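*Asks:* Pasted the sequence and its predicted model underneath.
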6 protein chains.
Amino acid sequence: MHLRVILPIIGDTFIEQIRSEVSAWVSPGTEVDVVSLDHGPASIESEYDEALAGPGILQRVEEANADGVDAIFVSCGADPAIQAAREITDLPVVGGFEPAMLTALTLGERIGILQVLPNVLPMLRSLARRYAIGERLGTIRVIDLPVLGLSHGDDLVDRLVEQAASAVCAGEADVLVLGCTGMLGVAAAVQERLAADGLVVPVVDPTAAAVLWLESQVRMRLTASRTTYLTPPAKERIA
Amino acid sequence: MHLRVILPIIGDTFIEQIRSEVSAWVSPGTEVDVVSLDHGPASIESEYDEALAGPGILQRVEEANADGVDAIFVSCGADPAIQAAREITDLPVVGGFEPAMLTALTLGERIGILQVLPNVLPMLRSLARRYAIGERLGTIRVIDLPVLGLSHGDDLVDRLVEQAASAVCAGEADVLVLGCTGMLGVAAAVQERLAADGLVVPVVDPTAAAVLWLESQVRMRLTASRTTYLTPPAKERIA
Amino acid sequence: MHLRVILPIIGDTFIEQIRSEVSAWVSPGTEVDVVSLDHGPASIESEYDEALAGPGILQRVEEANADGVDAIFVSCGADPAIQAAREITDLPVVGGFEPAMLTALTLGERIGILQVLPNVLPMLRSLARRYAIGERLGTIRVIDLPVLGLSHGDDLVDRLVEQAASAVCAGEADVLVLGCTGMLGVAAAVQERLAADGLVVPVVDPTAAAVLWLESQVRMRLTASRTTYLTPPAKERIA
Amino acid sequence: MHLRVILPIIGDTFIEQIRSEVSAWVSPGTEVDVVSLDHGPASIESEYDEALAGPGILQRVEEANADGVDAIFVSCGADPAIQAAREITDLPVVGGFEPAMLTALTLGERIGILQVLPNVLPMLRSLARRYAIGERLGTIRVIDLPVLGLSHGDDLVDRLVEQAASAVCAGEADVLVLGCTGMLGVAAAVQERLAADGLVVPVVDPTAAAVLWLESQVRMRLTASRTTYLTPPAKERIA
Amino acid sequence: MHLRVILPIIGDTFIEQIRSEVSAWVSPGTEVDVVSLDHGPASIESEYDEALAGPGILQRVEEANADGVDAIFVSCGADPAIQAAREITDLPVVGGFEPAMLTALTLGERIGILQVLPNVLPMLRSLARRYAIGERLGTIRVIDLPVLGLSHGDDLVDRLVEQAASAVCAGEADVLVLGCTGMLGVAAAVQERLAADGLVVPVVDPTAAAVLWLESQVRMRLTASRTTYLTPPAKERIA
Amino acid sequence: MHLRVILPIIGDTFIEQIRSEVSAWVSPGTEVDVVSLDHGPASIESEYDEALAGPGILQRVEEANADGVDAIFVSCGADPAIQAAREITDLPVVGGFEPAMLTALTLGERIGILQVLPNVLPMLRSLARRYAIGERLGTIRVIDLPVLGLSHGDDLVDRLVEQAASAVCAGEADVLVLGCTGMLGVAAAVQERLAADGLVVPVVDPTAAAVLWLESQVRMRLTASRTTYLTPPAKERIA
């Protein structure tokens, strides 16, 4: 199987890190490659960033389609351009929000999302309503670190544990979802720290959830419904 | 007052028609200008089209902001890039969906939307859920005419009346919303035809609803909340 | 255009104040007159008061209809007898709740209502559910001043700011609605005081929202659906 | 126990019939009296009628309170002035809608209401939303007989059976509620006729449900919450 | 009338206490008997306990059916096996949750449940959603006493009052429901203590609510819908 | 990895068929064994059957726990005893409903479930509400074949295609879920037949969805939240 990861931001800085992380989750034999955008924002922390990234993501989806990959992961916690992508490809496509949230639904009653900045809260709340899974969204907590600060934030785990523990103790979360796909490789550490404090709650890594979701869809040979994701009518479009 | 209409598609074909229609609705003394996009689709009939139009719309919003206009109408029934636009300007900004739906809420119990193609149904249903007003959305009916066929569709009113009457008689709609801002200047005719058939239900024109909504917001000096629409953090962005 | 304001309480005390306030919001050329009731309560602060005011309001609606006015504003934050009124007139009729709430929906994610007394909370919560817009109602806060104390409450703005700031800081409101139409002429001051404290959130004045809503409906020639608001069957009724 | 029935319409025509019907449902030893209104409509078939009946109902509630009765039934399927009544008395007060609907909830998944005229549909739908029990309201069917025609409608049972059977066969109802308290003494016949046709579904009589509900509340010594139904502040009120 | 109480736990310890309590609520002439289980848990405080009790409860339901009783009360706040029971008998059957919650709905806006241990919270929340009455569930508070500790917990009333007062003062409850049918004979005392503290809110006893509910159903001759509770197909089943 | 399948019915008839089917879906190296019950029903087609199977399932869960397996699949479309099971083991446990429904959520807007008999409809609707994913459940269609008739129903695929096509054409389903885990090995055929008729909609096999879900959870090392699924208190329990 060939998995294409679309990093919906400009620059190559994170490509190796993402490839390494995704490769750690895939099944033996799954090939992984990662592409970023030529046009768009340096990170996605607002609806504005998300809109700017849209055409670049869709161009990468078309390329992935042409390249004959088997599945596409748009590595961002806000699911940018995911519905649009499903309209133009038969390949399974997910972002980081939907698989992580659905994974969390089987693990506990109320979901708490841990996020980077307050800017993204309304976008995530809207997304949960859009998918009609908002009833079990208990809280969204922010750690006040921008996306680009995550990788060198020595205290990232501390901040996540602090917000997670506060949400769990307040009865607002039974399962946690890391809301940003840039929070790489810390889910297990957060889960362990919480358990050490007596809070035995799962912490869902959105990259892992997305990758395994895609592998499952490929194995089940499931593709998006064409009565929901209709092929866009042919017309002039200027890139 | 100065109203800027952003037509979120490429080409100048509809600019005069839109300007004329919008000008018919504004208060005396309100100045109207209409701009279209350099990059994007020829019409918006899918999430794919909507995503492609995003950056072009936001560029026009920034220009409107710089030009000192008072309000912005993105003339499309799918509210493309509206939330993103509110993050980057203090001006009132609406699309064609939200004001028409909210206007309809005061007029009758169940709202029926009349739309162009089946492709847009999931997008509108998602939008209604996103705004949390979906409980009173009774039905969405399609007339099976593409956007670009609306202006020379001699039978546009016939098709709208047929679908509207069917929805009202089935008990699925008490008030109708024209779901595409390209359905210009026909709301009154549809409403009259329905009334002549004994179906006294209002038909909301999305252009009228949007324009009057914006005028009201300007007169009330209301702008979007900065705890919902936070200013995007500064960062590198490549257009 | 001729706008009739029905003040759904007994006494003439507030008539001039309301006329002056409403006149400040209407378009040039709109005529405003204000009537109060012969029978009913001195203020509306309970479902009991609302029910007592019902027949008097409907009598005034019938008079307005006969007088040939163009629109009717029932100046009360609890929308008393509004649905009944729509059954007996083709004129646009709104109270103070519905237009303010719908206006707020486009401005921010969660709505916070500022109200006079705890007595009105269940009534407003029920109203939000009735209109099916309750999902985005974040909180209702009370300032503990009765309606008749609002006009000489020197600290009205202070109390509103205090409750508003508390709601916004608790993450329970992104946009505020003044819940009582007796809170005249203070919305802008509250909004400014909040902004000065760094809380850039809009504050919706229900009188302004209602008046502009009605003007828009008149300009769009929209009247209530007769499949929702059916004309009551003829029968004996004793006033 | 002393049960006061308030018939929220003018005229004495139905008093004996209601008294007889209610008496058939109460426990041995319960005293029943029935009063109608001096002011109000001849029947309640619209929000307009409901609003006109409000002050008269509340006057009767105050009298019942002064008379030392134990419980109050406002005999109407639209629950007129019920919330207002609870604000001014410690006695249990119900109308015909709430107890019948709650009784139905334990009997089957989807509730079908059988009603007199299309005029009342939006009022009932709003009521269901107001009480937050609308999710299980499957359908409302009308038999197209006005309230005042129910008593001499020889075909009342036929019409009810026809609509009930249609709703059940369409999968829209598993339990039926007679929506008008003027549909006296026919629930059992409708239920039997449906069962004879192989449709074993319960049919709830709103008068029975209300009367037994009140007896239960009296026996449990439960009265309405004063944090929901606060005592209205003292003020001038002109009847 | 003959009422069968099924105590869904093993052992005879509580039989006399339950019989005495239930007998205090029934109408004159109603016969009460109480049976417990041969197989199952000593108390129900988890979904695990509930599942273990299922077959034993259903065996007792079949026996009650054969014995010709008139109604069945499964005395547990988690409504164990209630839906299954309705499939195999025409007798009215309720547990302790549904009647108490529905009774509470008419008494106040938001319901607060008082429960024994945190273990039962998700089960009750799920139950409220299952019945589609969760929108008005304000809070569930625990008193941290196991079921088997309730009878000799001298401070049971103190703990209930403490949690109830906290919930009411926080605006999370207007009416309280005792969530465990083992909290016998304390509802009135809790209600009085709260009223003495100025919190005039009703406290619903689940045993009383269930018993009176069943008596009402018997008097109305209502049985469960056979389109919701279909008779299970014949097949081999090994006990 | 070692996967234990619990077939929650008596008898060995289906064990080989289930083992073969599950084995076809697991990853290379995953060991599969299947156990059935000593006590319980021959198939699960009602809440009654589900309750009877409960203790037997939980006994098998405890054995699986003791045997050191890695994950447990209770092979039934009604998720029997799943929540109870999660309380007593740290292993991932799912039934056939939850993973299939969550898988379907990413594939299309409205989910249509195909089921065996009308008996199971209320149970599945309740389950969807319990999980709070009911908003996107479009329809449940039955093929009127009992579970035990599925394996020799030559026309199983025909019946599934007929109901599926009807649901899709009526606009009630965009993605289909086989609602019974006894519908083995037909999902692909149904999907192909629908596609051949121009209905390009995915058909989710619940066995495949459950098995891959469990493998993903094991790979992510996620276990159920102990604030939702608390360990049951120790007490006497008689099997």
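*Replies:* Thanks, I have the structure now.
*Asks:* Backbone dihedrals for residue A:208, please?
*Replies:* For residue A:208, the backbone dihedrals (degrees, to the nearest 10) come out as phi -60, psi -50.
*Asks:* Let me know the pLDDT of it.
*Replies:* You'll see residue A:208 listed with a pLDDT of 98.
*Asks:* okay but it is in contact with residue A:186, surely?
*Replies:* No - Residue A:208 lies out of contact with residue A:186 (CB atoms under 8 Å); the separation is 11.6 Å. In this view, the C-beta of every residue, glycine as well, is placed from N, C-alpha and C.
*Asks:* quick one, which of those two is more surrounded?
*Replies:* Just comparing residue A:208 and residue A:186: by other CB atoms under 10 Å in any protein chain shown the higher neighbour count belongs to residue A:208, 26 against 19.
*Asks:* From chain C, how far out is the more buried one?
*Replies:* Relative to chain C, residue A:208 is positioned 29 Å away (CB to the nearest CB, to the nearest Å).
*Asks:* dump the residue contacts of that residue.
*Replies:* Applying CB atoms under 8 Å, 6 or more residues apart in numbering or on different chains to residue A:208 gives the contacts A:25, A:187, F:219-220.
*Asks:* For chain A, which residues are neighbours of chain C?
*Replies:* A:122, A:125-126 (CB under 8 Å from any CB of the partner chain).
*Asks:* how deep is residue A:125 tucked in, by neighbour count?
*Replies:* Neighbour tally, residue A:125, other CB under 10 Å: 20.
*Asks:* Give me the neighbour count for the residue lying closest to it once chain neighbours are set aside.
*Replies:* Excluding the flanking residues, the one nearest residue A:125 by CB to CB, 6 or more residues apart in numbering or on different chains is residue C:109, at 6.5 Å. Using other CB under 10 Å, residue C:109 is surrounded by 20 other residues.
*Asks:* Quick one: residues contacting residue C:109.
*Replies:* Residues in contact with residue C:109 (CB under 8 Å, 6+ apart) are A:122, A:125-126, B:225, B:227-228, C:136, C:174.
*Asks:* which SS class is it?
*Replies:* What DSSP: H, G, I helix; E, B strand; the rest coil gives for residue C:109 is coil.
*Asks:* Domain parsing of chain A, as residue ranges.
*Replies:* Residue ranges of the domains in chain A are recorded as A:2-95+A:208-220, A:98-206, according to automatic domain parsing.
*Asks:* Quick check, pLDDT for the residue minimising distance to the centre of chain A.
*Replies:* Centre of chain A computed as the mean C-alpha position; nearest residue by CA atoms, centre = their mean is residue A:96, 1.3 Å away. For residue A:96, the model assigns a pLDDT of 97.
*Asks:* give the contact list for it.
*Replies:* Per CB under 8 Å, 6+ apart, neighbours of residue A:96: A:73-79, A:180-181, A:206-207, A:209-210.
*Asks:* quick one: which of those residues has the most company?
*Replies:* Each of the contacts of residue A:96 was scored for neighbours by other CB under 10 Å, and residue A:210 scores highest at 32 neighbours.
*Asks:* Residue A:99 is in contact with that one, correct?
*Replies:* Yes - proximity of residue A:210 to residue A:99 meets the contact threshold set by CB under 8 Å, at 4.6 Å.
*Asks:* re earlier: farthest-apart pair in the contacts of residue A:208, please.
*Replies:* A:187 and F:219 (12.8 Å; CB to CB).
*Asks:* Neighbour count for the two, which is higher?
*Replies:* Neighbour count, other CB under 10 Å: between residue A:187 and residue F:219, residue A:187 has more, with 27 against 17.
*Asks:* Can you report how many residues lie near the closest residue in space to residue A:187 that isn't next to it in sequence?
*Replies:* Closest residue to residue A:187 apart from its sequence neighbours, by CB to CB, 6+ apart: residue A:205 at 3.7 Å. If you count neighbours by other CB under 10 Å, residue A:205 ends up with 28.
*Asks:* wait, residue A:205 sits on residue A:176?
*Replies:* No - using CB under 8 Å, residue A:205 makes no contact with residue A:176, being 10.2 Å away.
*Asks:* Direction included, what does the longest strand along chain A pair against?
*Replies:* Using DSSP state E to define each element, chain A has its longest strand at strand A:2-10. Under the criterion DSSP bridges, strand A:2-10 sits next to strand A:31-37 (parallel), strand A:71-74 (parallel) in its sheet.
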